[in-house]
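*Asks:* When you get a sec, could you give me coordinates for this:
(one chain, ligands or ions: 1)
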Amino acid sequence: MNSQTIPTEMTFFERFEADILSGKKTITIRDEAESYYVPGTQVKVSTFEDGREFCILAIDSVEPILFSELNDFHAQQENMTLEQLKAVIQEIYPGIEKLYVVSYTLVE
Ligand SMILES: CC(=O)Nc1ccn([C@H]2C[C@H](O)[C@@H](CO)O2)c(=O)n1
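*Replies:* Numbers count the residues shown, from 1 in each chain. Below is the predicted model of the structure:
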């Protein structure tokens, strides 16, 4: 994905599906490659594992953040503890300090 293409799709690991659909998880934290979501647009969401579509999200904001700046509020919005959130991010994006908080609202 480059910075001139508006993304219309997003994937999540299947294990986060229930939290997204219940509204317990309202942000995702991504690296630079997935930082080009555009506030005011909608994305079709599917599972990373098998590409099964499960909802549409409206992108509310995309804000840069450093790994070291993650706090309990981010964890709360991810429906995790801060320790869990940091472990998940280190697993997905090992050694990446520059990240982006993508806030979204469930459309359907
Ligand atoms: C599946 C895929 O391509 N990438 C990601 C990246 C992140 N997530 C989730 C994991 C955490 O809840 C937050 C923070 O990164 O977003 C994901 O499901 N899939």
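
*Asks:* avg pLDDT for the longest helix seen in the chain?
*Replies:* Scanning the chain for the helix with the most residues, using DSSP state H, yields helix 82-92. In this model, helix 82-92 has an average pLDDT of 98.

*Asks:* Stretch 33-42 too?
*Replies:* 97.

*Asks:* start to end distance for that stretch?
*Replies:* The straight-line separation of the ends of stretch 33-42 (C-alpha to C-alpha, to the nearest Å) is 18 Å.

*Asks:* Can you show me the strands along the protein?
*Replies:* Counting by DSSP state E, one finds strands in the chain at the ranges 9-12, 27-30, 42-47, 53-66, 98-106.

*Asks:* Need those in a markdown table (columns: distance to Q84 and mean neighbour count).
*Replies:* Any C-beta I mention is one placed from the backbone N, CA and C, and that applies to glycine too. Formatted as a markdown table, these follow (distance: least, C-beta to C-beta, whole Å; neighbours: other C-beta atoms under 10 Å):
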| stretch | distance to Q84 | mean neighbour count |
| --- | --- | --- |
| strand 9-12 | 16 | 16 |
| strand 27-30 | 12 | 20 |
| strand 42-47 | 20 | 18 |
| strand 53-66 | 17 | 15 |
| strand 98-106 | 16 | 18 |
